[in-house]
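Peer 1: Below: sequence and its predicted model.
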Amino acid sequence: MKKAIVTLVSFLIFGAVFSQNIDIQLLKHINLNRNVSLDPSMRFLSNTTTEICIGLPVAMTAYSFIKKDSLNFRKSAVICATVVTSAAVTYILKHAINRERPFVTYSSLDPAISVSSASFPSGHTSNSFSLATSLSLAYPKWYVIAPSYLWASSVAYSRMHLGVHYPSDLLGGIVIGAGSAFLNYKLNKLLANRKLAQKIF
């Protein structure tokens, strides 16, 4: 039993060190070998996250309300709820885990922007993927899904290009964002089915 515990602990420590090594090596490769002429574009792309994640759902909700389109109003409300859920979970985890930014731990990195909040998970990534996933679930058409995920993936990549997030920060953001979207989508379907059942019976 004691031997098994020692083996397990050793395996977990080795796994953590190994994964951390891959994490920083991949970030260094992207950040230190980047095309610096793309920095302004990457900063712009990264900065679109808040405006799009707030502006688009609010605009959709307002438009469907004005048009008295109850179906799209409900879809828009779910998208809004998804973005809020993702942002709240990200905020809580950032403060609970309090992981230092990679450029603080590794001075060899070359950050192209200044940030002071905790590193894990990536808020830009979680927000962009929450929006992309919720839009894709609400409107499952290729012309919605493709540009949504292209934008979200580009935002995530920009955070490594700029040197402010580990790849694992992005992975955490993707899981939180997509997870928030699926959770809200399933909850909305459950409530809708319950209301339908009440009308029937």
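Peer 2: Happy to help now that I have it. Numbers count the residues shown, from 1 in each chain.
Peer 1: centre of the chain versus the longest helix anywhere in the chain, how much separation?
Peer 2: Using DSSP state H to define each element, the chain has its longest helix at helix 167-200. Relative to its parent chain, helix 167-200 has a centroid offset of 15 Å by Cα atoms, centre = their mean, to the nearest Å.
Peer 1: Could you list every helix and strand in contact with it?
Peer 2: In this structure, helix 167-200 packs against helix 2-32, helix 70-97, helix 123-138, helix 142-161, with contacts taken as 3 or more Cβ pairs under 8 Å, 6 or more residues apart in numbering; DSSP states H and E. Every residue, glycine included, has its C-beta placed from N, CA and C.
Peer 1: mind showing which ranges of the protein have poor pLDDT?
Peer 2: 1-19, 192-201 (pLDDT under 70).
Peer 1: Just give the number of residues close to residue 71.
Peer 2: Neighbourhood size, residue 71 [other Cβ atoms under 10 Å]: 9.
Peer 1: With residue 139 instead?
Peer 2: Residue 139: 14 neighbours (other Cβ under 10 Å).
Peer 1: Ramachandran angles for it?
Peer 2: Backbone torsions of residue 139, given as degrees, to the nearest 10, read phi -130, psi 80.
Peer 1: Would you mind measuring from it to residue 75?
Peer 2: Counting by Cβ to Cβ, to the nearest Å, the separation of residue 139 from residue 75 is 8 Å.
Peer 1: what does residue 146 give?
Peer 2: Taking Cβ to Cβ, one finds residue 146 at 19 Å from residue 75.
Peer 1: Might you report the residue contacts of the most centrally placed residue in the chain?
Peer 2: In the chain, the residue lying closest to the centroid (Cα atoms, centre = their mean) is residue 126, at 1.4 Å. Counting by Cβ atoms under 8 Å, 6 or more residues apart in numbering, residue 126 touches 86-87, 89-90, 172-174, 176-177, 180.
Peer 1: Distance to residue 133 and neighbour count for these - can I get that in JSON lines?
Peer 2: Converted to JSON lines, those look like this (distance: Cβ to Cβ, whole Å; neighbours: other Cβ atoms under 10 Å):
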{"residue": "86", "distance to residue 133": "9", "neighbour count": "31"}
{"residue": "87", "distance to residue 133": "14", "neighbour count": "20"}
{"residue": "89", "distance to residue 133": "14", "neighbour count": "19"}
{"residue": "90", "distance to residue 133": "14", "neighbour count": "25"}
{"residue": "172", "distance to residue 133": "15", "neighbour count": "22"}
{"residue": "173", "distance to residue 133": "12", "neighbour count": "29"}
{"residue": "174", "distance to residue 133": "9", "neighbour count": "22"}
{"residue": "176", "distance to residue 133": "11", "neighbour count": "25"}
{"residue": "177", "distance to residue 133": "6", "neighbour count": "34"}
{"residue": "180", "distance to residue 133": "8", "neighbour count": "27"}
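Peer 1: Going by distance to residue 135, which of those wins?
Peer 2: Nearest to residue 135 out of those is residue 177 (Cβ to Cβ; 11.6 Å).
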